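K.L.:
My questions concern the predicted model and sequence given below.
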Amino acid sequence: MRPAIDPESQRAGVAVSEAVGNGVDVEAARTIAAVRGLAMDMPREANSGHPGTAMALAPLAYVLWGRIMRFDPKDPTWPDRDRFVLSCGHASVLLYSMLHLTGYDISIDDLRNFRQWDSLTPGHPEVHHTPGVEVTTGPLGQGIANAVGMAIAEESLRARFGPGLFDHHTFVIASDGDLMEGISHEAASLAGHLGLGRLVVIYDDNRITIDGSTDLALTDDAAARFRSYGWHVEEPGDVGEDLDAIEASIRGAMAVTDRPSLIVLQTHIGHPSPKYVDTSDAHGSPFDPDEIALTKEILGIPPQETFWVPDDVLDHARQFGVRGAAEREAWEQRRSTWDGDRDTLAACLDGRGLPGWDEALPVWEPGAKVATRVASKDCLNAIMDQVPGLVVGGADLTGNTGVAVSGHAAFSSTDRQGRMLYYGVREHAMGAAMNGMALHGGVLPVGGTFFIFSDYMRPAVRLAALSGAHVIYSWSHDSVGVGEDGPTHQPIEQLASLRSMPGLCLIRPGDANETAMAWRVAVDHDGPVGLILSRQNLAVLDGTANAEGVRHGAYVLREPNAEPSAIVVASGSELELAVDAAERLGDAGIAVRVVSMPSWDLFDAADAAYRREVLPPGVPVVSVEAGSTFGWSKWADVSVGIDRFGSSAPGDEAMTNLGINVEAVVNAVTALVN
C-alpha cells in the first residue's frame, strides 16, 4: 500500500507557485486549481454530490482535454471526434467543469444549478441532455462496457469507410467500483479477445470507497487481471499530479494498436484538502465551508469566492476547443472529396435503411408454420444489405435466437468488416456494448438471447431506454412454450416487467408476417426496440401483413358477421388461439372480434380515436397471453394468463395445463358476456 499524503507537507506543497516549480506551467496550474475549486463548490451549492474524485483527477482531465483528445465544442456530434466516457458517473462535476471551460454550451450558471430540477448538470451524466456527454453513466461498470461498444463501432467504420473518415480513440475514466462490478469483467474479456486497440481505460486507483478503504472488500490485482484478458497495461504509479507522466502513459497506450489498454493511475481522493484527502469522507458528501476555504487557499484561489473561473483560465481552456475545430474542418474537407458510397455512409450514420429498404422484407402465405424467431432471422438476412449499419450478434445463442445471418463474416481481431458479432455468454456486456455502438453512431446493433435472460441485460436495457439508444433486441423463447427446459427458462413476469419501462418499445408478433412488420418498426424507431419471439412454430394467419396495424400497436384481425358481443385481444403465439376461440364462440352464437395487440407501447401512443375504433367502449374485452396478467386491466376486463411459474414439460402440454388453451378463452368470454 502506498503512503498517504502528509497533511502538513501538503499545506505548503500544492499552491500554484509550487506547482509551477514542479514543472507545471502557470496556465495549467491555474486551470487545474479552477477545476478543483468547482469540484468543491458544485456539491456544496447543491448540498449533494461527490467532490473528492473530481479533485484528484483534475490533472488527468487537463491532460485529456488539453493535450490528447480531439473534439469541437461547436460541433459536439462530429463523427470522427474522440469519445470520452466517465464510467464513474458520480464524478460528474469533473466532466461538467471541463465541458464549461473548453467551450461547450454549458454556462457557469449551469454549474451553479448542479443536481437541480431540469438543469443541464444532473447528478450523473446524461447523453442527449448535456452537450458533450457521450453516454448516460451512473450504475458502475456500464460505462466501461459502453466504451467497448464504441470501440467496436469505430473499428467497424474505419474498416468499411477508411481511416480518412474514421480514426479516433475512446477514452474512459473508471473507478474501483467500475472494476468490481461484474459487467466490467465481461466487457474487458470481450475487448481483449477482439483486440480493440483504440480503447484506453484509465483506472483511478485511489483505494477509497464510500464504506472506507478498498481493503475492506477488494484485493484484486487489476493489472494482472487485465493482462490475462489480453490488454496492454501501464502502471505509472503515484503520478496523479505529474502532467507529463500522465501524458506519456496515455500516449504510450495510444501507440498500442492491437490491444485495448489499461492505465493504473494512483491518485489521492480529495487532494489537496488537508482534512479529507485519502478518506472516504471525500467520496460522497460536500466538504464543509471551512475546509473548502482552507483548500482554496492552498490552491491559490480566493478562499471566499465561489465558482472561480478567471478570464485567463477560460481563455486558455477555450483554445483546446479551437484546436479541435481546425481538426474537424480538415475532416470535413476529407469527407467532401471522399469517393466512396455516400448513401451507405449516410444510412449507417443515421442508423436507418436505404430508401425502399423495407421492400426487401419477406412475405409468408397463410397456413405456413413458422416460428417467429425463424421469421425474424429470414427478415434479417433479407435486409442486411439494405440496412447497412446492422451489426448482429448473440450471447452464445446466435442460431437459437434468430440472429444468425448468412453471407457475413464475424467481426474479429483480424476482420473488422465482419457484421456478425459473437458476444459469448456475456448478456450483461452485450446489452451495454450495444448502447455504446448505437450512441457512437454508424452502427445499428442487434443482440439476441433467450427472453428469460433479458433479466441479465436489464440495467443496460434501462439505460438504453433512458438514453434513447437505437438498439434492437431479439428476445426469443418467449413463453412457457419453451417447454422442457422448465421454469428457469420459461418467462412469466418478464413481459409485464419490461412493459413498465418508459421509452422501451416491445413488439410480440403473432406470426411470421407480423414479425416482418415489426422489423419495419424496429429499423425506423428512434429508441430501443425489443422483439419478443417464439421458439415454437406458429401458423401464419390471414390479415397479419398489416404494416399500419402493427405500427399502431394493435388492429382488428377478425371481425364477426354481427355486432361483436365481446373482443378477444392477444399477442404472440396466443393470437392463433384467440382466432380459434372466436370461431368456436361464433358457432355458439356469440359474435367476437379478434384484436392483435403486438405492442402495448405503440398502441398507447396511437391516436385516441384509433384506440376507440379498435377497442370500442362498452364492448367487454378478454385478453389472452402466456405470461403474467399484470397490467392487462388497462385494456381488458378479464385476462387469461399465467400468474405462477411454469413447469418442465413439452411446450403444448405446458400451455394446456397452465390454462393457455381455447377452452379457457371460450369460458372466459362466455362468463363475461353472460
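P.N.:
All right, it came through fine.

K.L.:
doesn't Val540 make contact with Glu365?
P.N.:
Yes: between Glu365 and Val540 there is a contact under CB atoms under 8 Å: 6.6 Å. Backbone N, C-alpha and C define where each C-beta goes, glycine included.

K.L.:
between these two, which one's more packed in?
P.N.:
Val540 (23 against 8; other CB atoms under 10 Å).

K.L.:
Report the buried residues of stretch 320-328.
P.N.:
320-321, 324-325, 327-328 (16 or more other CB atoms under 10 Å).

K.L.:
on contacts alone, who are the packing partners of the strand or helix carrying Val594?
P.N.:
Val594 belongs to strand 592-596 when assigned by DSSP states H and E. On a contact count with 3 or more CB pairs under 8 Å, 6 or more residues apart in numbering; DSSP states H and E, strand 592-596 meets strand 555-558, strand 566-570, helix 574-587.

K.L.:
following it, which helix or strand shows up next?
P.N.:
Heading C-terminal from strand 592-596, the first helix or strand you meet, by DSSP H and E, is helix 600-605.

K.L.:
so the residue nearest the centre of the chain is in which element?
P.N.:
For the chain, Asn435 is the residue whose C-alpha lies nearest the centre (CA atoms, centre = their mean; 3.2 Å). Assigned by DSSP H and E, Asn435 belongs to helix 427-440.

K.L.:
can you list the domains in the protein?
P.N.:
7-329, 357-539, 551-673 (automatic domain parsing).

K.L.:
what number of residues lie near Ala375?
P.N.:
Neighbourhood size, Ala375 [other CB under 10 Å]: 27.

K.L.:
ok, now the one 10 residues further on?
P.N.:
The tally of other residues near Asp385 (other CB under 10 Å) stands at 15.

K.L.:
Now it. Nearest residue, chain neighbours left out?
P.N.:
Ala360 (7.9 Å; CB to CB, 6 or more residues apart in numbering).

K.L.:
Tell me how many other residues crowd that neighbour.
P.N.:
Neighbours around Ala360, by other CB under 10 Å: 16.

K.L.:
so who does it touch?
P.N.:
By CB atoms under 8 Å, 6 or more residues apart in numbering, the contact list for Ala360 reads 382-383, 385-386.

K.L.:
Swap in 7 Å and give it another go.
P.N.:
By CB atoms under 7 Å, 6 or more residues apart in numbering, the contact list for Ala360 reads 382-383, 386.

K.L.:
returning to that earlier point: now the helix or strand following the helix holding Asn435, how far from the centre of its chain.
P.N.:
Using DSSP H and E, the helix or strand that follows helix 427-440 towards the C-terminus is strand 444-450. Mean-position distance between strand 444-450 and its chain equals 13 Å (CA atoms, centre = their mean, to the nearest Å).

K.L.:
May I see the buried residues of the helix or strand just after strand 444-450?
P.N.:
As assigned by DSSP H and E, the chain's next helix or strand after strand 444-450 is helix 454-467. Neighbour-count burial for helix 454-467, counted by 16+ other CB under 10 Å, picks out 454, 456-467.

K.L.:
quick one on the thing from earlier: ranking the domains of the chain by burial, who's on top?
P.N.:
Among the domains of the chain, domain 357-539 has the highest mean neighbour count (mean count of other CB atoms under 10 Å), at a mean of 22.

K.L.:
what's the straight distance from one end of it to the other?
P.N.:
26 Å (CA to CA, to the nearest Å).

K.L.:
One more: stretch 170-189?
P.N.:
Start and end residues of stretch 170-189 are separated by 17 Å (CA to CA).

K.L.:
same check, this time on stretch 583-593
P.N.:
End-to-end span of stretch 583-593 (CA to CA): 10 Å.

K.L.:
Please work out which residues outside it touch it.
P.N.:
Here stretch 583-593 makes contact (CB under 7 Å, 6+ apart) with 556, 558-560, 562-568, 582, 662, 666, 669-670, 673.

K.L.:
can we see that at 8 Å?
P.N.:
Against stretch 583-593 from outside (CB under 8 Å, 6+ apart): 556, 558-568, 581-582, 619, 662, 666, 669-670, 673.

K.L.:
Off-centre distance for that stretch?
P.N.:
Centroid displacement of stretch 583-593 relative to its chain, using CA atoms, centre = their mean, is 47 Å.

K.L.:
Okay, strands next: where are they in the stretch 101-250 of the chain?
P.N.:
Counting by DSSP state E, counting those that start in this stretch, one finds strands in the stretch 101-250 of the chain at the ranges 170-174, 199-205, 208-209, 212-213, 232-237.

K.L.:
what's the third one packed up against?
P.N.:
Read it as strand 208-209. On a contact count with 3+ CB pairs under 8 Å, 6+ apart, strand 208-209 meets helix 176-180, helix 281-284.

K.L.:
before we move on, the earlier item: so for the strand holding Val594, mean pLDDT?
P.N.:
The average pLDDT within strand 592-596 is 98.

K.L.:
can you check stretch 274-281 too?
P.N.:
97.

K.L.:
Determine how far the last residue of it lies from the first.
P.N.:
Start-to-end, stretch 274-281 (CA to CA) is 12 Å.

K.L.:
And for stretch 600-615, what's in contact with it?
P.N.:
Defining contact as CB under 8 Å, 6+ apart, one finds that stretch 600-615 is touched by 499, 504-507, 521, 550-556, 567, 569, 595, 597, 621, 631, 634-635.

K.L.:
need the contact list for Gly143.
P.N.:
Applying CB under 8 Å, 6+ apart to Gly143 gives the contacts 85-89, 135, 137, 172, 174, 178.

K.L.:
looking at the strands of the stretch 101-250 of the chain, which is closest to Asp220?
P.N.:
strand 199-205 (10.9 Å; CB to CB).

K.L.:
the inter-axis angle of the closest one versus strand 170-174?
P.N.:
Interaxial angle of strand 199-205 relative to strand 170-174 (axes from the mean of the first three to the mean of the last three CA atoms, to 10 degrees): 20 degrees.

K.L.:
Give me the helices and strands touching strand 199-205, please.
P.N.:
Packed next to strand 199-205, using 3+ CB pairs under 8 Å, 6+ apart, are helix 142-161, strand 170-174, helix 176-180, helix 243-254, strand 261-266.

K.L.:
Would you reformat the ones you listed as JSON lines and include distance to Thr295 and mean pLDDT?
P.N.:
As requested, the helices and strands packed on strand 199-205 are exported to JSON lines (distance: least, CB to CB, whole Å; pLDDT from 0 to 100):
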{"stretch": "helix 142-161", "distance to Thr295": "28", "mean pLDDT": "98"}
{"stretch": "strand 170-174", "distance to Thr295": "22", "mean pLDDT": "99"}
{"stretch": "helix 176-180", "distance to Thr295": "23", "mean pLDDT": "98"}
{"stretch": "helix 243-254", "distance to Thr295": "20", "mean pLDDT": "98"}
{"stretch": "strand 261-266", "distance to Thr295": "21", "mean pLDDT": "98"}
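
K.L.:
List just the one of those that sits closest to Gly230.
P.N.:
Gly230 sits nearest to strand 261-266 of all the helices and strands packed on strand 199-205, at 11.0 Å, using CB to CB.

K.L.:
Just the residues contacting that closest one, thanks.
P.N.:
2, 60, 197, 199-206, 222-223, 226, 231-240, 246, 249-250, 253-254.

K.L.:
Quick one: distance of it to the chain centre.
P.N.:
24 Å.

K.L.:
Can you pull out the low-pLDDT segments for the stretch 451-600 of the chain?
P.N.:
Judged by pLDDT under 70, the stretch 451-600 of the chain has no weakly predicted residues.

K.L.:
Neighbours of Glu332, how many?
P.N.:
12.

K.L.:
part of a helix, is it?
P.N.:
Yes: Glu332: assigned to a helix according to DSSP: H, G, I helix; E, B strand; the rest coil.
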